[in-house]
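>>> what follows is a predicted structure for the sequence shown.
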Amino acid sequence: MKKDQQSVRKTNPGARRKFLKNSTTLVAGLPLMSGLFPFSPPTGTLSKREEQLRASEVSKSLIGGYGDWAASLLKKRASLSFRNEKWTDVDIWRKEAVAKTEELLAAPELKDIPKVTVENKYNYDGLDIEELSWQLPYGRPTRAVVLKPQGASKPLPGILGLHDHGGNKYFGLRKITKTSGDQHPLMIEHQKSDYGGKPWANEVAKRGYVVLVHDTYAFASRRVLYSDVAGIKWGQAKIGDKTDENPEGLKNIQTYNDWSRAHEDIMAKSLFCAGTTWPGVVLAEDQIALSILGARSDVESKRMGCAGLSGGGLRTVYLGGMDERVKCAICVGFMSTWEDFLRHKSYTHTWMTFAPLLPKYLDFPEILGLRTPLPTLVQSSTEDGLYTLSEMKKADEILKEVYAKAGAQDKYKTNFYRGGHKFDLEMQADAFDWFDQWLG
């Protein structure tokens with residue numbers, strides 16, 4: 001099949017999974033009703049009832065009669081959109097747009113690269129593996145792993161692997177890596193349902209890359225523990241009636257994830273009160289990890305990329321857009337428009353997504369477009385219920401226009417695949433080829 005910028009790929013129907021289980025939905029803490037937000041099969045495959053539901057989804061808004069008014073506040077082209085006629089020089093535009101985005105993200109300052117401790121070294125799956133940790137000025141130590149081809153003797157391009165959200169803050173880097181034969185059963189299932197049964201960070205490392213994967217803010221080693229907030233009451237939840245003992249038990253993990261789902265509102269509000277934002281904090285921590293990757297003697301620091309699915313795709317939008325050290329970015333399963341979130345899909349996404357006032361200046365895809373003309377691949381699925389298909393396609397058109405105006409059409413590509421929210425083996429193969437083309 002010939003590939004082009006909007007090729008639609010067939011996938012194994014068995015790779016689909018339930019919308020609730022695999023979404024990044026954590027904000028509302030409410031069950032998602034598949035009948036309210038149907039998937040988006042190609043035209044002609046929907047039943048009459050599904051067509052009616054789909055039309056209702058597009059025509060109505062989560063905020064009722066206020067939807068049209070709120071959407072009208074989003075100017076057709078935000079003031080710092082490169083698509084505006086006033087912007088002709090991409091470098092001048094980027095400098096101003098990045099500065100405004102930095103201001104609104106209000107990321108905490110993490111200027112110094114922390115001391116990195118190598119906790120362990122070993123070989124597994126044809127890879128040399130290092131377990132690392134580092135201490136940021138706040139929170140518990142960040143844990144990370146580095147994977148590279150076993151016996152590699154010269155510097156290689158580097159990739160920052162960005163783990164997903166997945167409704168599961170108990171885990172982080174383990175979602176996309178495998179470092180032993182003793183893998184947690186939840187991670188076996190997660191990789192099977194979301195990643196075609198493969199730890200994609202391992203697979204891309206085998207192709208000749210040094211891959212670093214770290215736990216980001218509020219996940220795994222960076223998560224909030226019950227013991228941190230014991231005895232505090234908020235809403236209907238009493239914190240501290242559980243312990244962090246036997247943390248790998250399935251019941252304990254489910255209980256924690258249920259609690260952390262509701263806690264996202266608390267965390268976001270508290271970060272706003274501190275003068276920062278959730279995406280700003282995550283960006284700062286991802287940039288520290290990128291600095292650590294680039295400082296390694298076995299990494300060619302001028303040839304680094306990043307990629308991730310879902311919450312990892314979101315992190316790619318911000319990191320890839322805001323940091324020129326990322327020479328190749330691959331955003332998987334997280335591309336739409338602010339209007340889509342405003343009208344239809346805000347409740348299906350984590351607070352990690354939202355930066356107050358930023359939509360006045362850039363549409364959501366234009367955050368990733370800040371990296372123009374650096375190579376960028378976006379991978380989206382036509383039946384991904386986290387987004388409205390028409391808005392995913394609109395986001396693609398926006399990025400095409402940005403790259404075309406910069407004279408860099410060959411540096412941007414979007415592929416649409418059949419199926420739901422995923423980064424399956426076919427998508428991985430295309431993504432790894434994109435890395436090879438621009439970094440290899």
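Here it is on my side, so go on.

>>> contacts only, for residue 137.
Under the criterion of CB atoms under 8 Å, 6 or more residues apart in numbering, the neighbours of residue 137 are residue 110. In this view, the C-beta of every residue, glycine as well, is placed from N, C-alpha and C.

>>> what of residue 203?
So residue 203 contacts 428, 432 (CB under 8 Å, 6+ apart).

>>> assumed it was part of a helix.
Yes - under DSSP: H, G, I helix; E, B strand; the rest coil, residue 203 sits within a helix.

>>> check it and give its pLDDT.
Reading off the confidence values, residue 203 has pLDDT 98.

>>> so it versus residue 178, what's the distance?
Note on residue 203: its distance to residue 178, by CB to CB, to the nearest Å, is 10 Å.

>>> and residue 95, what's its pLDDT?
For residue 95, pLDDT reads 97.

>>> tell me the SS of it?
Residue 95 - assigned by three-state DSSP - is helix.

>>> give me the number of residues near it?
10 (other CB atoms under 10 Å).

>>> touching, residue 328 and residue 436? I think so.
No - Residue 328 is not in contact with residue 436 according to CB atoms under 8 Å; the separation is 9.7 Å.

>>> who has more neighbours out of the two?
Between residue 328 and residue 436, counted using other CB under 10 Å, residue 328 has the larger neighbour count: 25 against 15.

>>> tell me if the more buried one really is in a helix.
No - read with three-state DSSP, residue 328 is strand and lies in no helix.

>>> quick one, what contacts it?
Counting by CB under 8 Å, 6+ apart, residue 328 has contacts 304, 305, 374, 375, 376, 377, 434, 435, 438, 439.

>>> same thing but at 6 Å, please
305, 375, 435, 438, 439 (CB atoms under 6 Å, 6 or more residues apart in numbering).

>>> give me the nearest residue to it, chain neighbours excluded.
residue 305 (3.7 Å; CB to CB, 6 or more residues apart in numbering).

>>> that older thread, quick one: which of the contacts of residue 328 sit in helices?
Under the assignment DSSP state H, the contacts of residue 328 contribute 435, 438 to helices.

>>> need the contacts of residue 328 in JSON lines with neighbour count, distance to residue 386 and pLDDT, can you?
Shown next, in JSON lines, are the contacts of residue 328 (neighbours: other CB atoms under 10 Å; distance: CB to CB, whole Å; pLDDT from 0 to 100):
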{"residue": "305", "neighbour count": "28", "distance to residue 386": "24", "pLDDT": "98"}
{"residue": "375", "neighbour count": "23", "distance to residue 386": "25", "pLDDT": "98"}
{"residue": "435", "neighbour count": "23", "distance to residue 386": "25", "pLDDT": "98"}
{"residue": "438", "neighbour count": "19", "distance to residue 386": "27", "pLDDT": "98"}
{"residue": "439", "neighbour count": "20", "distance to residue 386": "28", "pLDDT": "97"}
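
>>> between the contacts of residue 328, which is closest to residue 188?
residue 435 (25.7 Å; CB to CB).

>>> where's the closest one relative to residue 376, distance?
Distance from residue 435 to residue 376, by CB to CB: 12 Å.

>>> quick check: bridge partners of residue 132?
Taking DSSP bridges as the rule, residue 132 bridges to residue 118, residue 144.

>>> for it, grab the count of nearby residues.
The burial count for residue 132: 19, using other CB under 10 Å.

>>> that one contacts residue 144, doesn't it?
Yes - using CB atoms under 6 Å, residue 132 is in contact with residue 144, at 4.5 Å.

>>> who touches residue 371 in this structure?
Contact partners of residue 371, counting by CB under 6 Å, 6+ apart, are 320, 321.

>>> from residue 229, how far off is it?
For residue 371, the distance to residue 229 - CB to CB - is 38 Å.

>>> quick check: which ranges of this structure have low pLDDT?
1-59, 235-246 (pLDDT under 70).

>>> what about the strands in it?
8-9, 116-124, 127-134, 142-149, 156-161, 210-214, 233-234, 237-238, 299-309, 326-332, 376-381, 412-417 (DSSP state E).

>>> which one of the ones you listed lies closest to residue 316?
So among these, strand 326-332 is nearest, using CB to CB, at 4.4 Å.

>>> partner strands of that closest one and their direction?
In the sheet, strand 326-332 lines up against strand 299-309 (parallel), strand 376-381 (parallel) (DSSP bridges).

>>> out of these, which is the most enclosed?
strand 376-381 (a mean of 26; mean count of other CB atoms under 10 Å).

>>> distance between that one and the chain's centre?
Averaging C-alpha positions (CA atoms, centre = their mean, to the nearest Å) puts strand 376-381 12 Å from its chain's average.

>>> now it and strand 412-417, what's the angle there?
Strand 376-381 and strand 412-417 are oriented at 20 degrees to each other (axes from the mean of the first three to the mean of the last three CA atoms, to 10 degrees).

>>> tell me where the stretch 51-200 of the chain has helices.
Under the criterion DSSP state H, counting those that start in this stretch, the stretch 51-200 of the chain contains helices at 67-72, 90-105, 185-194, 200-205.

>>> what would those helices look like in JSON lines with distance to residue 173?
Formatted as JSON lines, these follow (distance: least, CB to CB, whole Å):
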{"stretch": "helix 67-72", "distance to residue 173": "37"}
{"stretch": "helix 90-105", "distance to residue 173": "23"}
{"stretch": "helix 185-194", "distance to residue 173": "10"}
{"stretch": "helix 200-205", "distance to residue 173": "8"}
